[in-house]
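1. after the sequence you'll find the predicted model.
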Number of protein chains: 2
Amino acid sequence: MTHPHLPNSADTALRARAAKVIPGGLWGHLNAKNLPEGYPQYFRSGEGCRLVDVDGNSYVDFMCSWGPVVLGHHHPAVEAAAEAQRRLGDTLNGPAPVLVDLAERMVDMIPHADWCLFQKNGGDATTACVTIARAGTGKRKLLVAKGSYHGAVPWCSPSMAGVTTEDRAHILHYDYNDIASLEAAVDQAGGDLAAILVTAFRHDMARALDMPDPAFARRMRELCDETGAALILDDVRAGFRLHLGGSWETIGVRPDLSAWSKAIANGYPLGAITGAERWREPATKIFTTGSFWCEAVPMAAALATLTELVRLDGPAHMKAMGERLRAGLSAGAAKHGITITHSGPPQMPLMLFADDADFAKGSAFCSASLRAGAYFHPKHNMFLSCAHTPADIDRAIEAADAGFAMVAAIG
Amino acid sequence: MTHPHLPNSADTALRARAAKVIPGGLWGHLNAKNLPEGYPQYFRSGEGCRLVDVDGNSYVDFMCSWGPVVLGHHHPAVEAAAEAQRRLGDTLNGPAPVLVDLAERMVDMIPHADWCLFQKNGGDATTACVTIARAGTGKRKLLVAKGSYHGAVPWCSPSMAGVTTEDRAHILHYDYNDIASLEAAVDQAGGDLAAILVTAFRHDMARALDMPDPAFARRMRELCDETGAALILDDVRAGFRLHLGGSWETIGVRPDLSAWSKAIANGYPLGAITGAERWREPATKIFTTGSFWCEAVPMAAALATLTELVRLDGPAHMKAMGERLRAGLSAGAAKHGITITHSGPPQMPLMLFADDADFAKGSAFCSASLRAGAYFHPKHNMFLSCAHTPADIDRAIEAADAGFAMVAAIG
């Protein structure tokens, strides 16, 4: 079946140039080779929840830059705060006062938090959490859920290329939401358990998302309390979308340490760790730093972002918009006689097609929806933002109709 | 001996607030507790090579934010380029075209470079270089100079707090500039050598700096060629100050992989790896990524920074200003009958006092010079920028006279 392509000559030209100077065209998760046919690699601009690619095609976006853009591109309050700090200074010989303002805000907002540290990458935060846990316990073993993503550095990268077995020497695995497997992994760690790492919900790629079972989370808390290990919540991906006090506030379980990044500064680069009092001294003992970790502009942007998220009740807005999207997609699928399932929190939804192990339907749906003006993802959780309005959602549902028609047509 | 303090009530108040919400007051290398008495922790603003602390004290700065600020704060061409990109978009669902422009520029400027990758931290770059070297060789051992700094992550952090012995399982050491020790370490690696890491010059803290011995560098190149290991130049700290093609162009030895960060974007957060053709395929194979690694604004800032560095011949300007500073400091010391030594490249100088193992003289010199308006460092290499003019240097030399007078007074 043939269909009109979107204009893509500028994108094609850039890809040809990039093929010469960037290995594989692009590193990592934003490489368009992992996306359905027709997806652009290069973008010209963003405004609110709209993206424009280098060929001028415009989309209602449901990836939000894979999480960071939580208020929408060019949010005026965030940009004003960033610009005011920028006029003073950004990377200086030490922090600007906004560091203290932001750390105080984090400690105020996040019930488990008695202190805060800042970094640049989510992986900086998860790695330093692990280091703090080891420094605080004098123990080594880390429990990680099978298949969970915690960053792209040797101890946790999803790839073993260039990674040694020693980089993973003290990693033990459990199954997300499986208490028996968690208990078995704790046993396996013997007296050497430093930390249990857990993502806010199970958001592994290419499978249905699972919310955390409260009984599982409570058991994890008990096991950490019994053993003295740190419960590290990796809230890098979900943070500030489900609950402003940390994603597990929704189920009433508090971590010892949390890793944050992505949405914290509406696209400005920042990571953070919050921790409970017991972990302050080990956080002081470890050496963790980076050339740009005291950058003031992203901190000013973060302070404004958090203020706006509170003012708007961002999680509630994103939930409502996600539910509206789900209802529209369900109706659209039903209209075409197609079976779909929704999973994950409405703020970070995933839609899967029945009988679609190879994602052929999901990819066809996404490609056709993209041509009609909506940027969805077939395999990875999507992201809502506070910039999505009911009209944007309805526009995307309309675009999705083209996607469902394509799926119906290919059978 | 008593002396007037600079006003510091705002700094003191911020430190008191930070003590509650940030472990140890501040993480890492910018913590003022590691600086001489009287140094401020918090900064209000920067302009060119001048810094203003939160109490309004103004300094001619010789740390340049510990490297990043190579053209001076608020450089108009950099800010204009950044702002133009910012109006379009920063963190999007993929890169902006400036990614390709910048990668092409790096490949054009840097003789050993056939390709380029971007990150956020210097440590992201050094870590990924190691991963690429291991992926490309199928080997594991890394040779690192004793005492060299390559980042603050477990495999290379200067602290073992929270670090396991397995994190260092495959690290072997040599002595910088010592061919025999290098050959011995290569032997020790047996057939399992993945890479030799080396900083652009020996810039370990709290000792005289050593330039690389060309014979040592050539032998390192030979050993890598013989064994198939990667020669990884860690140019994170020195990059773009000594030579725009990479710091070892000054001695005619080309690395396989180089890690860059700090000065690349005049304070905007960016890291980079450049590599030779042979390492392109392993660079494609590894998984390395971050939420903000495709951020477009720092890339636009980097492109403008590199353009300005070429236009101004930045390394030559910084060298001339560093030499002027050295001459002035030497004259000042001589006037007071004080023996000092200079080490390192003029662009990244260090001045040490004779008979000063505890840095009492260096600290007293710095504290007094600070009060007189120059921000020096007693133990760590300093940094010149293109914003330093002869008048700024002369102003700093004048301030240093107060420093030398203090050293003479304390004997």
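-> Thanks, I have it. Given the structure is predicted, the values throughout are model-derived calculations rather than measurements. Residues are numbered from 1 along each chain as shown, chains lettered A, B, ... in the order given.

2. flag every residue of the stretch 251-400 of chain A that's near chain B.
-> With Cβ under 8 Å from any Cβ of the partner chain as the criterion, the stretch 251-400 of chain A meets chain B at residues A:261-262, A:267-269, A:275, A:280-295, A:375. No exception for glycine: its C-beta is placed from N, CA and C like everyone else's.

3. and the residues you listed, which of them are buried?
-> A:261-262, A:267-269, A:275, A:280, A:282-295, A:375 (16 or more other Cβ atoms under 10 Å in any protein chain shown).

4. how far does the longest strand seen in chain A sit from its chain's centre?
-> Using DSSP state E, we find that the single longest strand of chain A is strand A:193-199. Chain-centre distance of strand A:193-199: 19 Å, with Cα atoms, centre = their mean, to the nearest Å.

5. show me what the following helix or strand past that strand is packed up against.
-> Beyond strand A:193-199 on the C-terminal side, the first helix or strand identified by DSSP states H and E is helix A:214-227. Helix A:214-227 sits against helix A:179-189, strand A:193-199, strand A:230-234, with contacts defined as 3 or more Cβ pairs under 8 Å, 6 or more residues apart in numbering or on different chains; DSSP states H and E.

6. report the angle between helix A:214-227 and strand A:230-234.
-> 140 degrees (axes from the mean of the first three to the mean of the last three Cα atoms, to 10 degrees).

7. if we look at helix A:214-227, which residues are touching it?
-> A:176-179, A:182-183, A:186, A:189, A:193, A:196, A:198, A:229-231, A:248, A:251-254, A:256 (Cβ atoms under 8 Å, 6 or more residues apart in numbering or on different chains).

8. quick revisit: list the strands paired with the longest strand of chain A, with their directions.
-> strand A:141-145 (parallel), strand A:230-234 (parallel) (DSSP bridges).

9. and among these, the most buried is which?
-> Among these, the stretch with the highest mean neighbour count (mean count of other Cβ atoms under 10 Å in any protein chain shown) is strand A:230-234, at a mean of 29.

10. just the strands in the stretch 301-411 of chain A please.
-> A:340-343, A:350-353, A:374-375 (DSSP state E, counting those that start in this stretch).

11. and the first one, which strands flank it?
-> Pointing back at strand A:340-343 there. Note on strand A:340-343: by DSSP bridges, its sheet partners are strand A:350-353 (antiparallel).

12. of all of the stretch 301-411 of chain A, which residue lies closest to chain B?
-> Residue nearest to chain B within the stretch 301-411 of chain A: residue A:375 (6.8 Å; Cβ to the nearest Cβ).

13. Provide a list of residues in contact with that residue.
-> The contact partners of residue A:375, by Cβ under 8 Å, 6+ apart, come to A:39, A:51, A:59-63, B:93.

14. now it. Nearest residue, chain neighbours left out?
-> Residue nearest to residue A:375 in three dimensions, not counting chain neighbours: residue A:59, with 4.0 Å by Cβ to Cβ, 6 or more residues apart in numbering or on different chains.

15. tell me the contacts of the one you found?
-> A:50-53, A:370, A:373-375.

16. where's it relative to residue A:392, distance?
-> 11 Å (Cβ to Cβ, to the nearest Å).

17. give me the common contacts of these two.
-> Counting by Cβ under 8 Å, 6+ apart, the shared contacts of residue A:59 and residue A:392 are residue A:50.

18. looking at the stretch 251-400 of chain A, what residue ends up closest to chain B?
-> Nearest to chain B in the stretch 251-400 of chain A, going by Cβ to the nearest Cβ, is residue A:289, at a distance of 2.5 Å.
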